[in-house]
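Peer 1: task: produce atomic coordinates for the following.
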Amino acid sequence: MAMAAGQKTDLSEVRNIGFIAHIDAGKTTVTERVLFFTGETYKIGDIDEGTTVMDFMSLERERGITIGSAATNAKWQDHQINIIDTPGHVDFTAEVERSLRVLDGGVVVLESVSGVQPQSETVWRQADRYGVPRMVFVNKMDRLGADFDYAVSTLHSRLGANAVPIQIPIGAESEFTGMIDLVKQCAYIYEAEDAIAHTTVEIPADMADKAEEARQHMIEKVAETDDGLMEKYLEEEEIGEDELRAAIRQATISMQIFPVLVGSALRHRGVHPLLDAVIDYLPSPLDVPPVAGFDPADEDNKMERKPSVDEPLSALAFKVVTDQHVGRLIYVRVYSGTLEAGTPVYNPSTRSRERVGRLLKMHADSREEVKSAGPGEIVAVIGLKNAATGNTLCDQASPIVLEAISFPDPVISVAVEPKTRADQEKMTDALVRLVDEDPTLQTYTDEESGQTVLAGMGELHLDVIIERMRREFNVEATQGPPRVAYREALTKVSEQQGKFIRQTGGHGQYGDCTLRLEPLEAGSGIQFESEITGATLPREYYGPIESGFREAAQTGILAGYPVVDVKAVLTDGSYHEVDSSEMAFKIAASMAFKSAMERGGPVLMEPVMRIEVITPSEFLGDVIGDLNSRRAQIQSMDQRGEVQEVKAFIPLAETFQYATHLRSLTTGRASFAMELDHYDPVPQHVAQDIIGKK
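Peer 2: Numbering: from 1, shown residues only. Here you go, the predicted model:
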């Protein structure tokens, strides 16, 4: 079977799906149940016991969270389901980002008590960006305070999603005994407390009216997307089950509706129907549009590849993992053609040819070797030396570059030092490998202090990296206090001349240019243009002037942080026939930039996080008082049952150790989530402190 994997797999029977959600909504638990029911595992893993298949890093098992997205595949009703379990914590957004890029469909797991939480909003937006059709699984229906209708209402109110329940629960909390399938018009009951399989029965009489009302609502929503169905609905004709299923599938794939299912994964409830729905409603690789890309020789020449073995090979490397046994593993999604072990592939990003060593089908941390992989398959490749996350692998005879994956910039950094001389070399090696795996992790040497600096997405992210260095690479390292990635910006237009003249024996140096600096909208980056004609200054000096400006902009004048959102316009200049050189103009541009910056009202900018704190009402005063003391701007407060939800903007610099502090304020009962929202000017008194410390 392994031999023919590339040729025999019927693409209409393949599903590439991911479970995405807020931290603690139960994604990994859902995945574990799916693997158990599909026969991939023989014992159900448990997060609390640390025996899950998908969270196989020792660190994940201890912390009870998912850190890296793990890939596995399962069989259900003659279909192959490739599953990627993604992390829910905001510090690991990159893992979600890269998984969504290669998935065809997603199952968003929501918690029945809280509904849509901040991180669910983030992953939902990421999935929108990549156009991934989704279903929603409302999990933990047996929890105290479970409320299916509330959870569905948050999908509408917070995400603006057209969520359509295709199941409704029977009972809630400890009374949750099953669900009603509105498409098949039957009920699934779990008779015993520990029942793994459901019994299919008729809809209970006391719920018949509610089920009929929910079914009519579902048909109406689906009919809005299908003219034929709408006619039947309006004329009150009977709509067949197959017809309804086909219409729901179509509407889900085109993202006009998002079907909602219900269950409690920990108690196995609702997982079988969820698997059926994945096959019934989520797209196969044939249902999604052909993958888009462009010709490496000409970016304007747009190309696409259909999911067929007859097309030239195109595949995307979306994850790099260092495996202790086999070395560098690269997870690849094949979009077209066939990827075969032992054959060469072309990487247009590095312009190099590489040989595919072995291909592995992954089951979390165990693996099975295959000879080839066809369109729609996700495999791990051994033997690629230069391929990195986001690179395309293709056929050299017909190259294509697929859309890469965008990752956010790091917002927080810490200095790390090895404890002993022996650790120094091992630490360098460990960091090279970890940066290779994680695109949101950056490392560099601070020129002033000579320290090695690690930059990442949050405190938890960097803690996990340092812990992984200790466990996986045996490197003992100490970390300094976290540092914030400040930026510098201009507030007004200013124009200054930069003149560099050196007269020494023989050739001198002569460079003279005038730059006008203009502040830009946030997020515009750094831009350069020229307003002068060739007669004033030869064109060959424009390049050195631009690179001199760009280099100077990497260290601002207030505290040496990079300057952002500024445009430099070259307005004037002069040159000397003999003494002018590229070097002289580079230095002149740097001088002009520095003096224009000084007169342009420079300000220090800091990253501001969007934070959402959920706290029991009795601690609301303490939580708000604490947030105010951290320079937070409260945006809203909402009462939700017994808890209060506070939304605010808070400077990143004020959030260190916030998790520990919030726990002690609220006896461990409050939770929070935050993500980078924007950059804001630092208040004058705080800026003085920061500049003083530099």
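
Peer 1: C-terminal to the helix or strand hosting residue 433, what's the next element?
Peer 2: Under the criterion of DSSP states H and E, residue 433 resides in helix 421-437. Proceeding N to C from helix 421-437, the next assigned helix or strand is strand 442-445, under DSSP H and E.

Peer 1: need the contact partners of that next one.
Peer 2: 410, 431, 435, 451-456 (Cβ atoms under 8 Å, 6 or more residues apart in numbering). All C-beta atoms are positioned from the backbone trio N, CA, C, and that covers glycine.

Peer 1: so what's the nearest residue to residue 497 once chain neighbours are set aside scoring on pLDDT?
Peer 2: Residue nearest to residue 497 in three dimensions, not counting chain neighbours: residue 514, with 4.5 Å by Cβ to Cβ, 6 or more residues apart in numbering. pLDDT recorded at residue 514 is 93.

Peer 1: including secondary structure, distance to residue 404 and neighbour count, could the contacts of strand 442-445 go into TSV?
Peer 2: Shown next, in TSV, are the contacts of strand 442-445 (DSSP: H, G, I helix; E, B strand; the rest coil; distance: Cβ to Cβ, whole Å; neighbours: other Cβ atoms under 10 Å):
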residue	secondary structure	distance to residue 404	neighbour count
410	coil	18	20
431	helix	23	21
435	helix	17	16
451	coil	31	14
452	strand	28	19
453	strand	26	16
454	strand	24	26
455	strand	21	19
456	strand	20	25
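
Peer 1: so which of the residues you listed is the closest to residue 625?
Peer 2: residue 456 (30.0 Å; Cβ to Cβ).

Peer 1: quick one: contacts of stretch 576-590?
Peer 2: With Cβ under 8 Å, 6+ apart as the test, stretch 576-590 has contacts from 498-502, 507-513, 515, 540-541, 543-549, 551-552, 573, 575.

Peer 1: kindly apply the preceding question to stretch 278-288 instead.
Peer 2: With Cβ under 8 Å, 6+ apart, stretch 278-288 has contacts from 11-17, 76-77, 79, 81, 104-105, 107, 133, 135, 245, 248-249, 252-253, 259, 307, 335, 375-376.

Peer 1: of those, which belong to strands?
Peer 2: 14-17, 76, 79, 81, 105, 107, 135, 259, 335 (DSSP state E).

Peer 1: check these and tell me the two furthest apart.
Peer 2: 259 and 335 (26.1 Å).

Peer 1: the spatially closest residue to residue 284 that is not a sequence neighbour: neighbour count?
Peer 2: Residue nearest to residue 284 in three dimensions, not counting chain neighbours: residue 12, with 4.9 Å by Cβ to Cβ, 6+ apart. Counted by other Cβ atoms under 10 Å, the residues lying close to residue 12 total 13.

Peer 1: what's the answer for residue 484, then?
Peer 2: 19.

Peer 1: give me the beta-bridge partners of it?
Peer 2: residue 412 (DSSP bridges).

Peer 1: hang on, it packs against residue 455?
Peer 2: No. Using Cβ atoms under 8 Å, residue 484 makes no contact with residue 455, being 10.4 Å away.

Peer 1: spit out the residues that contact the two alike.
Peer 2: Common neighbours of residue 484 and residue 455 (Cβ under 8 Å, 6+ apart) are 412-413.

Peer 1: show the pLDDT at the residue nearest to residue 284.
Peer 2: So residue 12 comes in at 83 (pLDDT).

Peer 1: how close does residue 107 sit to residue 517?
Peer 2: 49 Å (Cβ to Cβ, to the nearest Å).

Peer 1: neighbour count winner among the two?
Peer 2: Neighbour count, other Cβ under 10 Å: between residue 107 and residue 517, residue 517 has more, with 26 against 23.

Peer 1: report pLDDT for that one.
Peer 2: 94.

Peer 1: quick one: it is in a strand?
Peer 2: Yes. Residue 517 forms part of a strand when assessed by DSSP: H, G, I helix; E, B strand; the rest coil.

Peer 1: residues near the closest residue to residue 307 other than its chain neighbours, how many?
Peer 2: Residue nearest to residue 307 in three dimensions, not counting chain neighbours: residue 375, with 3.9 Å by Cβ to Cβ, 6+ apart. Other residues within reach of residue 375, judged by other Cβ under 10 Å, total 28.

Peer 1: does residue 375 touch residue 339 like I think?
Peer 2: No. Between residue 375 and residue 339 there is no contact under Cβ under 8 Å: 9.6 Å.

Peer 1: rewinding a little: in helices, which of the contacts of stretch 576-590 appear?
Peer 2: 543-549, 551-552 (DSSP state H).

Peer 1: buried subset of these?
Peer 2: Listed as buried from the ones in helices among the contacts of stretch 576-590 are 544-549, 552; burial here means 16 or more other Cβ atoms under 10 Å.

Peer 1: show me the contacts for the residue nearest to residue 307.
Peer 2: So residue 375 contacts 11, 285, 307-309, 311, 334-337 (Cβ under 8 Å, 6+ apart).

Peer 1: from the chain's centre, how far out does whichever strand or helix holds residue 613 sit?
Peer 2: Following DSSP H and E, the helix or strand that holds residue 613 is strand 603-616. Its chain's C-alpha centre and that of strand 603-616 lie 19 Å apart, by Cα atoms, centre = their mean, to the nearest Å.

Peer 1: quick check: buried residues in the helix or strand just after that strand?
Peer 2: Later in the chain than strand 603-616, the nearest helix or strand by DSSP H and E is helix 620-629. In terms of neighbour count (16+ other Cβ under 10 Å), helix 620-629 has its buried residues at 620, 623-624, 626-627.

Peer 1: next one: stretch 636-652
Peer 2: 643-646, 648-652.

Peer 1: then stretch 141-154?
Peer 2: Applying a neighbour-count criterion of 16+ other Cβ under 10 Å, one finds 141-143, 146-148, 150-152, 154 buried in stretch 141-154.

Peer 1: for the stretch 51-200 of the chain, what spans make up the helices?
Peer 2: 58-63, 93-102, 118-129, 148-159 (DSSP state H, counting those that start in this stretch).

Peer 1: deepest of those helices, which one?
Peer 2: Mean neighbour count (mean count of other Cβ atoms under 10 Å) peaks for helix 93-102 among the helices of the stretch 51-200 of the chain, with a mean of 24.
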